[in-house]
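1. Curious how this folds, go ahead:
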Amino acid sequence: MHKIWIIIQREYLSRVIKKSFLVTTFLIPIAMVGITSTMIYMATRSEQRENIAVMDESGVFVDKLDTTSDAYTIKYIATSTESNDSILAKNDCDLLLHIYPFKNGAPDRFHLYKEGGVSLNTKQFISTQLDEIYRIKLMQEAGIDKSKIDSIDQSNIELTCYDVKNNQETHTEISTMVGYATGFLIYLVILIYGMGVMRGVSEEKTNRIAEVIISSVRPFQLMMGKIIGIALVGLTQFTLWLALTGLLHLFLPLFIPGLGLHSSLPIDQSALAQTTNTNSEMLSFLQALFAQNWLLIGACFLFYFLGGYFIYAAMFAAIGSLVNEDPQEAQQMTFPVTMPIIVAFFIMMSATRDPNSGLAIFGSMFPLTSPIVMMARIPYGIPTWQIVLSMLLLILGFVTLTWLSAKIYRTGILMYGKKPSWKEVFRWLRQG
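-> Residues are numbered from 1 along each chain as shown. Sure thing, here's the model as predicted:
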């Protein structure tokens, strides 16, 4: 155990003092927070408006387009035979909406002009306005009261879901979001740090460092020390990411006031009502988010985070011991290991939609897929016995696969100049 601890220290310290580790650990949170903050700041502080000139030859849409938008200004102009460029320049507008006369009581053509092309947001804004105005016109012609139609359109049925055992309200959308996020995070961890183990083993083999180390420790001790050391590096990096991201979100508004309360912006009554609505929805969302069983989710995430990493890191270490200097050889060797990870990702996507399906239950029990799939099911409040059984199977799978991987590792780490076939690998397993 003492020798394994020495290898763990070596693997951990040799990685955390690298410039690449320090740069990615501190730069990624800063970049992510910086990008999101810049987007929020630009979206909330941007005062650029687009002026739209409306030339309506039908007479149906005059003075009916929405003029309360903060992003657009509507200006109605008289019909002109001048060129579109001249009309825009003369009226100091960015866009020209030309509505042609109706034919046989029905709309004919709607043309929208802008230098460089029209944005999707602008097209959707104008299309929605035109559709609504024409819809009201048809209702009035048919003798239908618009207020009654609006009351019918705004009538929605809200379905509240409850857990039958404890009669507590459940939130399917929040459970889906949390399950997908945690499962996807474990998927990334397994791929990134599992590949890191394989590259570390392969580099030591090609540089002949492994020969020197194995003269003092057993191959199994070297493999486990490397796996645990890199796992601690991953935990350190994730902890620092969470801490730095939280601190940046906390202190950034002090340096950029625009990211705080935007009280300096002009707000009309309709915008105020919309903001109040948005705040109410956000409050409900946060309440539903905090109502999740975060103690269970956090404990299971840590277990499946480590369990998934260890089970795949052992296999990646075995693959790294088989690889020589050919990168293409490494890609071919890793395919049998990466395939279950990819399959688990697709099962996870299915489990977020139907957590109690046969495929989701199988995926959450099978050791090679359970670290990713089970995290997608836990926020839905699945039976405790399924979680316990899944954990036991994962531990059993880790012990079995680590034992098998160690057999491959102790032979492959000292084999040079020859690419072993899968037939030889299976022979090592039988002989070991």
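2. switch to C-alpha atoms for all contacts and neighbour counts from now on
-> Noted.
3. what's residue 425 in contact with, if anything?
-> For residue 425, the contacting residues are residue 408, by CA atoms under 8 Å, 6 or more residues apart in numbering.
4. host element of it?
-> helix 422-431 (DSSP states H and E).
5. what lines up beside the strand or helix carrying residue 97 in the sheet?
-> Using DSSP H and E, the element containing residue 97 is strand 95-99. Under the criterion DSSP bridges, strand 95-99 sits next to strand 50-56 (parallel), strand 110-114 (antiparallel) in its sheet.
6. residues making contact with the longest one?
-> Think strand 50-56. 62, 71-79, 88, 91-101.
7. same thing but at 6 Å, please
-> 72-77, 79, 93-99 (CA atoms under 6 Å, 6 or more residues apart in numbering).
8. Equivalent analysis for the last one, please.
-> When contacts are taken as CA under 6 Å, 6+ apart, the neighbours of strand 110-114 outside the stretch itself are 95-99.
9. Against residue 67, how distant is the residue nearest to residue 62 when sequence neighbours are not counted?
-> Closest residue in space to residue 62, ignoring its immediate chain neighbours: residue 56 at 6.6 Å, by CA to CA, 6 or more residues apart in numbering. As judged by CA to CA, to the nearest Å, residue 56 and residue 67 stand 16 Å apart.
10. May I see the buried residues of stretch 372-390?
-> Applying a neighbour-count criterion of 16 or more other CA atoms under 10 Å, one finds 372-380, 387, 390 buried in stretch 372-390.
11. coming back round to it: ok, which of the strands paired with strand 95-99 comes nearest residue 172?
-> Among the strands paired with strand 95-99, the nearest to residue 172 by CA to CA is strand 50-56 (39.6 Å).
12. counting contacts, what elements does the following helix or strand past that closest one pack onto?
-> As assigned by DSSP H and E, the chain's next helix or strand after strand 50-56 is strand 72-76. Counting contacts by 3 or more CA pairs under 6 Å, 6 or more residues apart in numbering; DSSP states H and E, strand 72-76 packs against strand 50-56.
13. for stretch 9-27, which positions count as buried?
-> In stretch 9-27, counting by 16+ other CA under 10 Å, buried: 9, 11-12, 15-16, 25.
14. same thing with stretch 178-192?
-> Quick answer for stretch 178-192 (16+ other CA under 10 Å): 178-180, 182-184, 186-187, 189-191.
15. residue contacts, the most centrally placed residue in the chain?
-> Nearest to the mean C-alpha position of the chain, by CA atoms, centre = their mean, lies residue 181 at 6.3 Å. Residues counted as contacts of residue 181 (CA under 6 Å, 6+ apart): none.
16. Kindly recompute the last result at 10 Å.
-> By CA atoms under 10 Å, 6 or more residues apart in numbering, residue 181 lies in contact with 175, 187, 375-376.
17. circling back to that earlier point, and for the strand holding residue 97, what's in contact with it?
-> By CA under 10 Å, 6+ apart, strand 95-99 touches 50-61, 74-77, 79, 84-85, 87-88, 107-115, 117-118, 122, 126.
18. Would you list the buried entries among those?
-> Using 16+ other CA under 10 Å, the buried members of those are 51-58, 60-61, 74-76, 84, 87-88, 112-114, 122, 126.
19. What ranges does the stretch 151-300 of the chain have for its strands?
-> Secondary structure of the stretch 151-300 of the chain by DSSP state E, counting those that start in this stretch: the strands cover 161-162, 169-170.
20. which strands and helices sit next to the helix or strand that contains residue 126?
-> Taking DSSP H and E as the definition, residue 126 sits inside helix 120-141. Applying 3 or more CA pairs under 10 Å, 6 or more residues apart in numbering; DSSP states H and E, one finds that helix 120-141 contacts strand 50-56, strand 72-76, strand 110-114, helix 146-153.
21. helices and strands around whichever helix or strand comes after the second one, which ones?
-> Toward the C-terminal end, the helix or strand that comes next after strand 72-76 (DSSP H and E) is helix 84-91. In this structure, helix 84-91 makes packing contacts with strand 50-56, strand 95-99, strand 110-114, judged by 3+ CA pairs under 10 Å, 6+ apart.
22. As CSV, these with mean pLDDT would be great.
-> As requested, the helices and strands packed on helix 84-91 are exported to CSV (pLDDT from 0 to 100):
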stretch, mean pLDDT
strand 50-56, 86
strand 95-99, 88
strand 110-114, 87
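23. if we compare the ones you listed, which one ends up closest to residue 230?
-> strand 50-56 (53.5 Å).
24. now the closest one against helix 84-91, angle please.
-> Here the directions of strand 50-56 and helix 84-91 differ by 110 degrees (axes from the mean of the first three to the mean of the last three CA atoms, to 10 degrees).
25. Could you check the angle strand 50-56 makes with strand 72-76?
-> Going by the same axes, to 10 degrees, strand 50-56 makes 30 degrees with strand 72-76.
26. from the chain's centre, how far out does strand 50-56 sit?
-> Distance of strand 50-56 from the chain centroid (CA atoms, centre = their mean, to the nearest Å) equals 39 Å.
27. and if you look at stretch 88-102?
-> 42 Å.
28. Contact partners for residue 294?
-> 300-301, 379.
29. Mind putting the residues you listed into CSV with pLDDT and distance to residue 350?
-> CSV is the format used below for the contacts of residue 294 (pLDDT from 0 to 100; distance: CA to CA, whole Å):
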residue, pLDDT, distance to residue 350
300, 89, 20
301, 88, 19
379, 85, 14
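30. Make CSV out of those residues and add distance to residue 424.
-> Putting these into CSV (distance: CA to CA, whole Å) gives the following:
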residue, distance to residue 424
300, 38
301, 37
379, 44
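31. Nearest to residue 332 among the residues you listed?
-> For these, the nearest to residue 332 is residue 301 (30.7 Å; CA to CA).
32. tilt between the strand or helix carrying the closest one and helix 422-431?
-> Taking DSSP H and E as the criterion, the element that holds residue 301 is helix 294-322. Here helix 294-322 points in a direction 110 degrees away from that of helix 422-431 (the same axes, to 10 degrees).
33. Show me what whichever helix or strand comes after helix 294-322 is packed up against.
-> Per DSSP H and E, the first helix or strand lying C-terminal to helix 294-322 is helix 327-353. Counting contacts by 3+ CA pairs under 10 Å, 6+ apart, helix 327-353 is packed against helix 172-206, helix 294-322, helix 358-365, helix 370-377.
34. do you know which of those lies nearest residue 38?
-> helix 172-206 (23.4 Å).
35. Rounded mean pLDDT for the closest one, please.
-> Mean pLDDT, helix 172-206: 81.
36. let's number from 41 now, not from 1
-> Yep, numbering from 41; the last one is helix 212-246 now.
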